[in-house]
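Novice: Build me a model:
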Amino acid sequence: GAVELTMTGESDEVITGSGSQLDLYRLILHKGTNDIHSVSVDHAAFALYGPTNLANGSTSSPYSTENPEINKAIWIRAGTLILSTGVSLPQLTSGGDHFTIPQAGKLWIAGADVQSVLSSGSTTNTGVIVHGTFQISEGSFNSNQSAGLIYGGNGTVNISGGVVNVSQLRPLSTLTNATNAFSYLQSGGQMICRGDAEEAGSVDANFAIFDLGFSSSAYTHSSGQIVIRDISANNDTGGVYIGVNTPNASISGGNYLFDLPGGSSAYLNSTVDIPCFHVSRRSGTGQASVIAGSPLTINDTLDVQLNGLFDANGFNIQLEANLDVSGTLSPGLGRWTATGSGSRSWNISNTTGSFQDLKIDLASNDSLILTGINSLSIADSLDIRSGTLFLDGTNLEVQSTFSNSGITRGSAAIVFTGGTSFMWGG
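Specialist: Below you'll find the model as predicted:
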């Protein structure tokens, strides 16, 4: 007969064994009133045969919108469900409603391979809604052609390892800034947002492909990679959109990879620092472009690979590390500032247009090595505020004002081509 297993009590348990079968109809966790206590599934033959296509039940007391009654094969009513190495769940939902992680629950992928829906399944109501916590430390999660990860106001996505492959990360359409306290934490692993350009997926064009647009969200990134392979819409909030208030963010490492089809563009719009990021062409012909949608502070390397383009789009860019351009750089009409601690190099192979303003503001014993291209033009001002600018074969053509209270050295020259003000104090 069908076995519905309900795990209760405020304690931690492990479902394990060495048999060839562990078949259940449904698994229900009701471990108190929060996610403190856990049930760990550590059995490679674990399988569920209950329904995945049913809609959620009641949201009336004792349930709620954030903690609904769930009729699918897995219901994490309260507690943490840990899925260990060897466990494979091919489908959390096949319709009816998205699979819901309640506010009192946590789904922790700790080595398992999990899919929200079969690769041949529906695109409707087959994503994962996160009111509680979605966590992955090892293993994989693939949303296939579903809507991906959709977060509620108290949700948390925590990636410390493994691979998450989704169409989109976005909020519920009913969520507002006032009701939002979502947290995104990444300290390892890989988060892939792939849209529907080259792989089947369900994308909401009202949100970015990676969307932390609410100022009330929290964003912590110390390691691991966020990969962008598509956009949700061709506008300044269709690629990566981060609107988090600065006090709610901690960016100390990790990187972004914009790995786009040739001929496509993605906007990067952020109110907080961006770690190291790369621009590359994934497939096709033509350039893969990343366009700034806001002023940006990049606290590690900006790497524009062959057949890639970065367009500053008139915004100020503050770069605290290296610049490596083997593709194309479009500096735009904003100011580029080399700042932060440590010496670094800007290796630029190709630009479209001039720099408008270039400012060097380093510690007095740090240097910026400018190399790669024979000549760079600066349409307005060159301001060497502090530190050393070393011209390694790259001439700078200054068309307006020049101010130097630092040091300039190297095998090339600063050439004045119609300037109006020159101040040399270094």
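
Novice: use CA for all of it now, contacts and neighbours both
Specialist: Noted.

Novice: Do a quick rundown of the strands in the stretch 51-200 of the chain.
Specialist: Ranges of strands within the stretch 51-200 of the chain are 74-84, 88-89, 99-101, 105-115, 128-130, 133-142, 149-151, 156-159, 163-166, 169-171, 183-193, based on DSSP state E, counting those that start in this stretch.

Novice: could those strands go into a markdown table alongside mean neighbour count?
Specialist: Converted to a markdown table, these look like this (neighbours: other C-alpha atoms under 10 Å):
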| stretch | mean neighbour count |
| --- | --- |
| strand 74-84 | 26 |
| strand 88-89 | 19 |
| strand 99-101 | 29 |
| strand 105-115 | 25 |
| strand 128-130 | 26 |
| strand 133-142 | 23 |
| strand 149-151 | 25 |
| strand 156-159 | 23 |
| strand 163-166 | 24 |
| strand 169-171 | 24 |
| strand 183-193 | 22 |
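
Novice: is it possible to export those strands to CSV including mean pLDDT and distance to Thr401?
Specialist: Output for the strands of the stretch 51-200 of the chain, formatted as CSV (pLDDT from 0 to 100; distance: least, C-alpha to C-alpha, whole Å):
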stretch, mean pLDDT, distance to Thr401
strand 74-84, 98, 62
strand 88-89, 96, 64
strand 99-101, 98, 58
strand 105-115, 98, 57
strand 128-130, 98, 53
strand 133-142, 98, 53
strand 149-151, 98, 50
strand 156-159, 98, 48
strand 163-166, 98, 49
strand 169-171, 98, 45
strand 183-193, 98, 43
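
Novice: Generate CSV for these, with distance to Gly387 as supplementary columns.
Specialist: Shown next, in CSV, are the strands of the stretch 51-200 of the chain (distance: least, C-alpha to C-alpha, whole Å):
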stretch, distance to Gly387
strand 74-84, 52
strand 88-89, 55
strand 99-101, 52
strand 105-115, 47
strand 128-130, 48
strand 133-142, 42
strand 149-151, 45
strand 156-159, 38
strand 163-166, 41
strand 169-171, 41
strand 183-193, 33
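
Novice: Ok, which of those strands comes nearest Tyr267?
Specialist: strand 183-193 (13.9 Å; C-alpha to C-alpha).

Novice: average pLDDT across stretch 313-330?
Specialist: Mean per-residue pLDDT for stretch 313-330: 97.

Novice: Endpoint to endpoint, that stretch covers what distance?
Specialist: Using C-alpha to C-alpha, to the nearest Å, the end-to-end distance of stretch 313-330 comes out at 8 Å.

Novice: go on, stretch 126-146?
Specialist: End residues of stretch 126-146 are separated by 5 Å (C-alpha to C-alpha).

Novice: Quick one, grab the pLDDT at Ser120.
Specialist: Per-residue pLDDT puts Ser120 at 87.

Novice: any idea how far Ser94 is from it?
Specialist: Per C-alpha to C-alpha, Ser120 is found 10 Å from Ser94.

Novice: give the contact list for the most centrally placed residue in the chain.
Specialist: By C-alpha atoms, centre = their mean, the chain has its centre lying nearest to Ile226, at 4.0 Å. With contact taken as C-alpha atoms under 8 Å, 6 or more residues apart in numbering, Ile226 is in contact with Gln190, Met191, Ile192, Cys193, Asn255, Tyr256, Leu257.

Novice: Dig out what the third one forms beta bridges with.
Specialist: Right, the one you point to is Ile192. The partner list for Ile192 in beta bridges (DSSP bridges) reads Asn165, Val227.

Novice: what about it, distance to Leu391?
Specialist: According to C-alpha to C-alpha, Ile192 stands 38 Å off from Leu391.

Novice: for the last one, same thing?
Specialist: Between Leu257 and Leu391 the distance is 29 Å, computed by C-alpha to C-alpha.

Novice: Looking at the two, which has the bigger crowd around it?
Specialist: Leu391 (20 against 17; other C-alpha atoms under 10 Å).

Novice: Please identify the helix or strand for that one.
Specialist: strand 388-392 (DSSP states H and E).

Novice: For that strand, name the packing helices and strands.
Specialist: For strand 388-392, the packing partners by 3 or more C-alpha pairs under 8 Å, 6 or more residues apart in numbering; DSSP states H and E come out as strand 367-371, strand 407-410.

Novice: which ones are touching Ser217?
Specialist: Asn180, Ala181, Phe182, Ser183, Tyr184, Val244, Asn245, Asn248.

Novice: same thing but 10 Å
Specialist: 153-156, 177, 180-184, 242-245, 248-249 (C-alpha atoms under 10 Å, 6 or more residues apart in numbering).

Novice: before we move on, what about Pro62?
Specialist: Pro68, Glu69.

Novice: Please report phi then psi for it.
Specialist: phi -90, psi 10 (degrees, to the nearest 10).

Novice: All further residue positions should be reported with the first residue as 14.
Specialist: Got it, the first residue is 14 from now on, which makes the last one we talked about Pro75.

Novice: How much space separates it from Asn69?
Specialist: In terms of C-alpha to C-alpha, Pro75 sits 14 Å off from Asn69.

Novice: Next: Val303.
Specialist: In this view, Val303 and Asn69 are 40 Å apart by C-alpha to C-alpha.
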